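S.K.: need a structure here:
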Amino acid sequence: MSSDFETYEQDFATLTAEVTNKIGRIPKLSGEEKTQLVLNVDKQLEEVRELLEQMDLEVREIPIQSRAMYNSRLKSYKQEMEKLEKDFKRSRIAYSDEVRNELLGEDAGSSENQLIKLREERAHLLDNTEKLERSSRRLEAGYQIAVETEQVGQEVLANLHSDREKIQRARERLRETDANLGKSSRILTGMLRR
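M.R.: Numbering: from 1, shown residues only. Below you'll find the model as predicted:
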């Protein structure tokens, strides 16, 4: 078990190093190149989330006496993931000095407050979008559980129906056997009288 966890840890370290490097490059880019890098980082962050889920599952399988150590390691990885996500959000709305000056021209100093406001609003919108995405994922997971529960319920009903038919057939055989025993008893009684 712990060897799987350590493999996930190595993958986590490699992925987070790549993501950190790319996040640092995002503000320096613009246009299509920036969009592609943002999509790439977003995809890698999703892979990191999946790794954390796998690690969480592994920790649950580890014996209780060793679990605390792995739990603390997992907790620190989750905190690192939160920091990466915050850095990613900031990098998506950050502009390098070059890009800012190009956008604002010579009035960069006087428009600094507007830029800060825009960044804050954009960060707020990104937060809300992320919350909506998380809620959507939870709803999808809940729906999936409901579908699975319904399937299990249908299987149980099918099994119960099958069992009912078996019980009815057994009851019929029992009645037939009872009737046959009654006939046998009458025949034996008749033979004894003769």
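
S.K.: Only the buried residues of stretch 38-47, if you could.
M.R.: Neighbour counts using 16 or more other Cβ atoms under 10 Å place V38, V41, Q44, L45 of stretch 38-47 among the buried residues. (C-beta placed from N, C-alpha, C; glycine too.)

S.K.: Neighbours of H124, how many?
M.R.: As a burial measure, H124 scores 10 neighbours (other Cβ atoms under 10 Å).

S.K.: Please identify the helix or strand for it.
M.R.: Using DSSP states H and E, H124 sits in helix 112-193.

S.K.: Quick check, L126 in contact with I93.
M.R.: Yes: between L126 and I93 there is a contact at 7.3 Å, judged by Cβ atoms under 8 Å.

S.K.: Mind pulling up the pLDDT for S111?
M.R.: Looking at S111, its pLDDT is 66.

S.K.: To clarify, my last question referred to A108.
M.R.: At A108, the model reports a pLDDT of 48.

S.K.: I23 too?
M.R.: You'll see I23 listed with a pLDDT of 87.

S.K.: OK, contacts around it?
M.R.: Applying Cβ atoms under 8 Å, 6 or more residues apart in numbering to I23 gives the contacts V41, L84, D87, F88, S91.

S.K.: If you drop the residues flanking it in sequence, what lies closest to the fourth one?
M.R.: Looking back up the chat, that one is F88. I23 (5.4 Å; Cβ to Cβ, 6 or more residues apart in numbering).
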